[in-house]
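# Got a sequence here, can you build the structure:
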Amino acid sequence: MRRNGARWAILALLCTPGAARAAPPRPARAAPATPGTDPLAQAQNCYAQGDLACAVTVLQARPPTGSASDAPCQRLLGFAAARLEQPDVAKAAFAAWLKLDPAARLDPHTTPPVVHAAFVAALTDALRGQLDLSLQVAGRPALPLPPVRYEDLPRMPPPARSAHDQSTDFGFRVGATGAWSLRVGGPGIGLGVGIDLHPAPGWRVGLDGGAWQFSAQAFDAADTGTALAPFAALSGGYELLGSQDSHTLTLLGRAAGLLYNGPASNGSALGTGVGLRQDWRPPTSWLGGFVDAGVWWFAGGGPLATVGVGVRMGPVPPVAALP
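Take a look at the predicted model:
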């Protein structure tokens, strides 16, 4: 009998509800506010310790009073909910804060981005009635483009002429040459013909020829009347200034031979001279001009000054000079 009684007692214990398993654990809840403790201070303490859930729970449990004292509570609730990834709760809290303080703003440089994003969303809803979201087309006329002028275009200097280009360049000169004998004051004029070559860069050599009809004594005081003076000279010089043969100023040294024939005497003489020649020709043209001035000294005669002007002909330079 005792064994049967013990079996029935064990069976009754096993069949009792809740006897075989323990009750499931209850979720932890935030500690209720201590009587006499300010919910805002308690929430600030939770927020400072990093317990954001505690701060949200305490602030949501606080009944709103509808006064200005709710503003710091809603602001703190927005911060905690935004950082806890509850954007809807944060936006609602910031909206309530803006209703209490419409001038409230958060500094975007010191506020966490997730918090500032929730505040901007609440601020946009609060100011939606004040924003003009309609499309508008500016009425300003289009500014005209400035005119393109030749002076404003970029300029590139032409490449320098090579020694080969300089050495193969040449030119013919034909023009009138006037002469004045400084000894006796005898003027004259004749036709001058010459040729220029460039044996090396910057240098010129050439041949000059001409004839003058003198109306006074030419080279000997005993001569009177007319004297015919065929004239030939070898000149050479260096280009002082030049721009691709467009404008070239050359300093010339000359050696000449002279044949003269007068009423009382005739003969020949040798002499030397110096001069300047200014050549001009457009960069793309074969025709130009020149001006020549020089002084001569001949054996048996006085100094002779000459001035010449005429045309210069030659091939177009390989590279045209740009302005």
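# For the rest of this, base every contact and every neighbour count on C-alpha atoms.
Noted.
# residue ranges for the strands of the stretch 201-323 of the chain, please.
For the stretch 201-323 of the chain, the strands defined by DSSP state E, counting those that start in this stretch cover 203-214, 227-242, 247-261, 266-280, 287-298, 304-313.
# Looking at these, which is nearest to V89?
strand 227-242 (85.9 Å; Cα to Cα).
# Strands of the stretch 51-200 of the chain, start to end?
170-181, 186-197.
# and H247, which of the ones you listed is closest to it?
Per Cα to Cα, nearest to H247 of the strands of the stretch 51-200 of the chain: strand 170-181, 13.7 Å.
# Going by neighbour count, which residues in stretch 151-161 are buried?
Judged by neighbour count using 16 or more other Cα atoms under 10 Å, stretch 151-161 contains no buried positions.
# just to revisit the earlier point, as TSV, the strands of the stretch 51-200 of the chain with mean pLDDT and mean neighbour count would be great.
Compiled in TSV, those are given as follows (pLDDT from 0 to 100; neighbours: other Cα atoms under 10 Å):
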stretch	mean pLDDT	mean neighbour count
strand 170-181	74	20
strand 186-197	76	19
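# Turn those strands into CSV, columns for distance to L52.
Output for the strands of the stretch 51-200 of the chain, formatted as CSV (distance: least, Cα to Cα, whole Å):
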stretch, distance to L52
strand 170-181, 97
strand 186-197, 99
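# and of those, who's closest to A269?
Of the strands of the stretch 51-200 of the chain, nearest to A269 by Cα to Cα is strand 170-181, at 14.6 Å.
# what lines up beside the closest one in the sheet?
Strand 170-181 has its sheet partners listed here by DSSP bridges as strand 186-197 (antiparallel), strand 304-313 (antiparallel).
# So what sits opposite the closest residue to G206 other than its chain neighbours in the bridge?
Distances taken as Cα to Cα, 6 or more residues apart in numbering place D196 nearest to G206, at 4.3 Å, with adjacent residues excluded. Beta-bridge partners recorded for D196 (DSSP bridges): G171, G206.
# Would you check that D196 makes contact with F172?
Yes - applying Cα atoms under 8 Å as the test, D196 and F172 come out as touching, 6.4 Å apart.
# Span of stretch 39-56 from start to end?
11 Å (Cα to Cα, to the nearest Å).
# quick one: contacts for H109?
Contact partners of H109, counting by Cα atoms under 8 Å, 6 or more residues apart in numbering, are absent.
# one step back: so for T272, which of the strands of the stretch 51-200 of the chain sits nearest?
Of all the strands of the stretch 51-200 of the chain, strand 170-181 sits nearest to T272, with 14.6 Å by Cα to Cα.
# then the closest one to CSV, C-alphas only?
Output in CSV follows, covering the C-alpha atoms of strand 170-181 (Å, rounded to 0.1, in the frame of the first residue of the first chain):
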residue,chain,number,x,y,z
PHE,A,170,69.0,86.5,-103.1
GLY,A,171,67.6,89.7,-104.6
PHE,A,172,68.1,92.1,-107.5
ARG,A,173,68.0,95.8,-107.2
VAL,A,174,67.3,98.4,-109.8
GLY,A,175,66.9,102.1,-109.0
ALA,A,176,68.1,105.7,-109.5
THR,A,177,71.2,106.8,-107.6
GLY,A,178,72.2,110.4,-107.0
ALA,A,179,75.7,111.5,-106.3
TRP,A,180,77.4,114.7,-105.0
SER,A,181,81.1,115.3,-105.2
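# Name the residues that touch it?
So strand 170-181 is contacted by 186-198, 210, 212, 218, 290, 302-315 (Cα under 8 Å, 6+ apart).
# low-scoring pLDDT stretches of the stretch 201-323 of the chain, where are they?
Within the stretch 201-323 of the chain, the ranges that satisfy pLDDT under 70 run 210-231, 243-245, 260-266, 300-302, 316-323.
# Which parts of the chain belong to which domain?
Structurally, the chain divides into domains by automatic domain parsing as follows: 37-126, 165-313.
# In JSON lines: the ones you listed, plus distance to L143.
What follows is those, written out as JSON lines (distance: least, Cα to Cα, whole Å):
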{"stretch": "domain 37-126", "distance to L143": "36"}
{"stretch": "domain 165-313", "distance to L143": "40"}
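# Which among those is found nearest to P157?
domain 165-313 (11.0 Å).
# Just the buried residues of stretch 111-129, please?
V115, H116, A117, A118, F119, V120, A121, A122, L123, A126.
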